[in-house]
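J.: Just to be clear, the model below is a prediction. Sequence and coordinates:
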Amino acid sequence: MEEVLLKPIAGYEGYYCVSSDGMIYSCDRVVSGRKVKGRVIRSKNNGSGYWFVVLSRDNKRAQVYVHRLVCEAFLENPKEKCCVNHKDGNPGNNRLDNLEWNTHQENVVHGYRTGLNTNQKGGHRLAVGVIDNLLGMEFATIKEWCEYRGLTYATGRNYLNGSNKCRIIDLSAIVLKKKDGK
């Protein structure tokens with residue numbers, strides 16, 4: 001069995017440690033004159049399989065992904081790559097031997113090669129155009145529609161996909177054109 005290594009978390013030295021098997025621990029310390037025993041910090045799932053913990057120091061809380069903590073503590077990143085890749089494709093497997101630094105492009109390519117990316121055939125659900133019957137205009141892209149309406153792209157997209165309620169625009173008069181023109 002492989003030895004489990006433990007390292008302090010950068011910025012939280014003396015407060016928290018991370019292990020090579022993907023566990024996060026609080027450290028033994030003295031708080032307000034009393035000894036507090038370190039313990040395993042319970043991680044939470046973000047709904048997409050990625051695990052995070054909430055770390056606290058000086059009355060400031062931070063939500064941090066476990067896979068990033070493991071990589072930052074144990075793997076050098078001389079090329080300053082921004083993404084952490086789960087080699088086996090399982091975002092819940094945060095063991096050191098399953099993680100590597102990647103660029104965003106390398107992460108996407110890994111997803112296609114391993115079959116993790118389910119959109120390999122170009123079957124995008126998202127619209128590429130908008131017909132706005134209130135304005136009597138057709139827009140080639142959602143971005144063009146947003147600019148005309150004076151919306152940021154993120155806000156307009158959220159209105160159109162229903163994740164943000166719009167009280168200004170009657171969305172029943174909006175038709176989204178799909179990639180195939182429908």
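T.: That came through fine.

J.: Show me the chain divided up by domain.
T.: Per the record, the chain has its domains at 1-120, 129-177, by automatic domain parsing.

J.: any chance of those domains in TSV, plus mean pLDDT and mean neighbour count?
T.: No exception for glycine: its C-beta is placed from N, CA and C like everyone else's. Output for the domains of the chain, formatted as TSV (pLDDT from 0 to 100; neighbours: other C-beta atoms under 10 Å):
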stretch	mean pLDDT	mean neighbour count
domain 1-120	90	14
domain 129-177	77	14
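
J.: ok, then the element right after the lengthiest helix in the chain?
T.: In the chain, taking DSSP state H as the definition, the longest helix is helix 104-114. Once the chain leaves helix 104-114, the next helix or strand it forms, by DSSP states H and E, is strand 129-132.

J.: Now do that following strand: everything it contacts.
T.: Strand 129-132 has contacts (C-beta atoms under 8 Å, 6 or more residues apart in numbering) with 137-142, 144-145, 149, 160, 173-177.

J.: what sits against the closest residue to Lys81 other than its chain neighbours?
T.: In this structure, Lys81 finds its nearest non-sequential neighbour in Trp101, 4.1 Å apart by C-beta to C-beta, 6 or more residues apart in numbering. Contact criterion C-beta under 8 Å, 6+ apart gives Cys71, Leu75, Asn77, Lys79, Lys81, Cys83, Val84, Asn85 as the residues in contact with Trp101.

J.: what about Trp101, helix or strand, and which?
T.: Following DSSP H and E, one finds Trp101 within strand 99-102.

J.: ok, that strand: who's next to it in the sheet?
T.: For strand 99-102, sheet partners with direction are given as strand 83-86 (antiparallel), following DSSP bridges.

J.: could you dump the strand it pairs with to CSV, C-alpha only?
T.: Output in CSV follows, covering the C-alpha atoms of strand 83-86 (Å, rounded to 0.1, in the frame of the first residue of the first chain):
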residue,chain,number,x,y,z
CYS,A,83,-6.5,23.3,-15.1
VAL,A,84,-6.4,20.1,-13.0
ASN,A,85,-7.3,17.0,-15.0
HIS,A,86,-8.7,13.8,-13.4
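
J.: how far does stretch 144-156 sit from the chain's center?
T.: In terms of C-alpha atoms, centre = their mean, to the nearest Å, the centre of stretch 144-156 is found 24 Å from the chain centre.

J.: what about it, start to end distance?
T.: Start and end residues of stretch 144-156 are separated by 10 Å (C-alpha to C-alpha, to the nearest Å).
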